[in-house]
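Colleague: sequence first, then the predicted structure:
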Amino acid sequence: MKEAEKGKRLIATNRRARFDYFLSDFTQAGLVLTGTEIKSIRMGHVSLTGAFVDFHDGEAYVVGMQITPYKEGNIFNTDPMRDKKLLLHKREITKLMKQRDQAGYSIVPVELVIVRGKAKLEIALGKGKKAYDKRQVIKERDIKRNLARRIKQSGSYDD
């Protein structure tokens with residue numbers, strides 16, 4: 001196991017982002033959390049579906065990421081859909097802003113992990129796929145599934 005992956009625990013993935021976008025330029029960013037949000041994250045009560053990164057006043061925010069309120073929390077629970085600030089260096093933010101301004105590009109969260117006790121959001125530059133690209137992905141996935149099924153049934157490649 002790599003040194004960097006020792007304290008890394010996957011909490012949530014955005015499978016829809018991998019289906020809807022061609023992803024590149026992955027970056028890991030910290031999150032500014034309040035109240036009992038980290039407890040909910042550790043329990044896995046997070047949804048990245050439909051989330052994206054937006055910029056306000058030179059700062060990056062993740063919009064649409066839902067963190068379900070902590071069940072045992074009280075007044076410290078916050079709005080589950082509030083925009084969460086991302087912790088990035090200024091040069092990373094300007095680079096991402098330039099990339100996002102290109103036609104057809106978005107910055108989407110791919111996965112949420114906990115690294116050495118801190119919540120980190122893996123974000124990527126995504127170029128939207130066309131309908132025919134998505135059909136191709138579905139076709140390849142079905143072929144792989146059928147091949148795996150045949151191998152399991154026959155026990156070999158011979159058929």
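Modeller: Yes, it's here.
Colleague: so where's the protein uncertain?
Modeller: Scanning the chain for pLDDT under 70 picks out the ranges 1-6, 156-159.
Colleague: check the gap between the residue nearest the centre of it and T36 for me.
Modeller: Nearest to the geometric centre of the chain sits V110, at 2.1 Å (Cα atoms, centre = their mean). Using Cβ to Cβ, to the nearest Å, V110 is found at 25 Å from T36. (C-beta placed from N, C-alpha, C; glycine too.)
Colleague: and the host helix or strand of the residue nearest to the centre of the chain, which strands flank it?
Modeller: Taking DSSP states H and E as the definition, one finds V110 inside strand 105-115. Within its sheet, and counting by DSSP bridges, strand 105-115 is paired with strand 8-13 (antiparallel), strand 118-128 (antiparallel).
Colleague: most tightly packed of those?
Modeller: When you average the neighbours per residue for each of these (mean count of other Cβ atoms under 10 Å), strand 118-128 leads with a mean of 20.
Colleague: let me know which of the strands paired with strand 105-115 is the nearest to N146.
Modeller: Among the strands paired with strand 105-115, the nearest to N146 by Cβ to Cβ is strand 8-13 (24.4 Å).
Colleague: gap between the closest one and the chain center?
Modeller: Chain-centre distance of strand 8-13: 9 Å, with Cα atoms, centre = their mean, to the nearest Å.
Colleague: now tabulate the strands paired with strand 105-115 in CSV and tack on distance to E92.
Modeller: Converted to CSV, the strands paired with strand 105-115 look like this (distance: least, Cβ to Cβ, whole Å):
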stretch, distance to E92
strand 8-13, 20
strand 118-128, 10
